[in-house]
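[1] structure for the following, please:
(one chain, ligands or ions: 1)
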Amino acid sequence: MSPNPKIIVALDFPSATAALDLAETLDPEKCRLKVGKELFTRAGPQLVEALQKRGFDVFLDLKFHDIPNTTSAAVAAAADLGVWMVNVHASGGEKMMLACRERLESFGADRPLLIAVTVLTSMGAEDLAGIGVQDSPEAQVSRLATLTRNCGLDGVVCSAQEAPELKTELGSDFRLITPGIRPLSADKGDQQRIMTPRDALMAGSDYLVIGRPITRADDPLAALEAVHEELVGL
Ligand SMILES: O=c1ccn([C@@H]2O[C@H](COP(=O)(O)O)[C@@H](O)[C@H]2O)c(=O)[nH]1
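    Prediction:
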């Protein structure tokens, strides 16, 4: 059986060199990699290709949010690049998500997983109120995740705190990708809705997105290994 690493390391670096230096030390059978806005803007598709050549599954985390025509074309461009997973913002709405899903149909079984961001893990109730959403983060996540599932997407980005309820509401096949993962000793930084790696998997997360606790550690490899040890037996 092929390995299915649950850890996605967020390569939030300012250069291709820095990202590749870390990638050289990592094992594609033990983690996947995430390329986000900073690294992609600086290093582009070539960097994604270089990581894939080294055997890594790449989650292209560009969180597309635009009109249906533009977003679905961007998702198709990500599929052409051969990424494992790509995402849009669920708040782009039903028509946008349907257009993206339909556009990926022509890629057949090789298409990337298509997921949608619900409520950023850096946001709490006050931040939602600031953009006019009076509901709790849990209620807003549940609303957007239900819309995402009904549009036929493969899963959502949410915090692990919402995972138990979403797994019950939306079923075990609907993937939950959870950033805001913090080992007990790690700084929270700008994240608000956090959980430890072990608790997150036990709560129902399918994939744990971990950035700074690994990439900013004095010894990133040791930090990743510590997370693996925390997950032993799960
Ligand atoms: O709701 C979201 C969506 C995406 N992210 C991304 O995940 C990583 C988390 O990095 P840390 O350093 O572990 O905080 C980062 O690339 C974000 O862009 C998120 O945090 N929350």
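
[2] buried set for the helix or strand where Glu165 lies?
    Assessed by DSSP states H and E, Glu165 sits inside helix 163-170. For helix 163-170, the neighbour count (16 or more other Cβ atoms under 10 Å) marks Ala163, Glu165, Leu166, Lys167, Leu170 as buried. Just so you know, the C-beta spots here come from the backbone N, C-alpha and C atoms, and that holds for glycine as well.

[3] would JSON lines of the residues you listed with distance to the ligand and pLDDT be doable?
    As requested, these are exported to JSON lines (distance: Cβ to the nearest ligand atom, whole Å; pLDDT from 0 to 100):
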{"residue": "Ala163", "distance to the ligand": "13", "pLDDT": "98"}
{"residue": "Glu165", "distance to the ligand": "17", "pLDDT": "98"}
{"residue": "Leu166", "distance to the ligand": "14", "pLDDT": "98"}
{"residue": "Lys167", "distance to the ligand": "18", "pLDDT": "98"}
{"residue": "Leu170", "distance to the ligand": "17", "pLDDT": "98"}
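
[4] what packs against the longest strand that the chain contains?
    For the chain, the strand with the greatest residue count under DSSP state E is strand 58-64. The contact analysis (3 or more Cβ pairs under 8 Å, 6 or more residues apart in numbering; DSSP states H and E) places strand 58-64 against strand 32-35, helix 37-53, helix 68-81, strand 85-89.

[5] and it, which strands flank it?
    strand 32-35 (parallel), strand 85-89 (parallel) (DSSP bridges).

[6] re the thing from before, the helices and strands packed on strand 58-64: which one's closest to the ligand?
    strand 32-35 (6.2 Å; Cβ to the nearest ligand atom).

[7] just the C-alpha atoms of that closest one, please, in CSV.
    Extracted in CSV, the C-alpha atoms of strand 32-35 (Å, rounded to 0.1, in the frame of the first residue of the first chain):
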residue,chain,number,x,y,z
ARG,A,32,3.7,16.4,1.9
LEU,A,33,4.5,20.0,1.2
LYS,A,34,2.5,23.1,0.9
VAL,A,35,3.4,26.0,-1.4
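
[8] how far off centre is it?
    Chain-centre distance of strand 32-35: 9 Å, with Cα atoms, centre = their mean, to the nearest Å.

[9] over to stretch 188-199?
    14 Å.

[10] list the contacts for Glu169?
    Applying Cβ atoms under 8 Å, 6 or more residues apart in numbering, we find Glu169 in contact with Ser142, Ala145, Thr146.

[11] now do Pro5
    Pro28, Glu29, Lys30, Cys31, Arg32, Asp57.

[12] for Glu138, same thing?
    Glu138 touches Gln161, Glu162, Glu165, counting by Cβ under 8 Å, 6+ apart.
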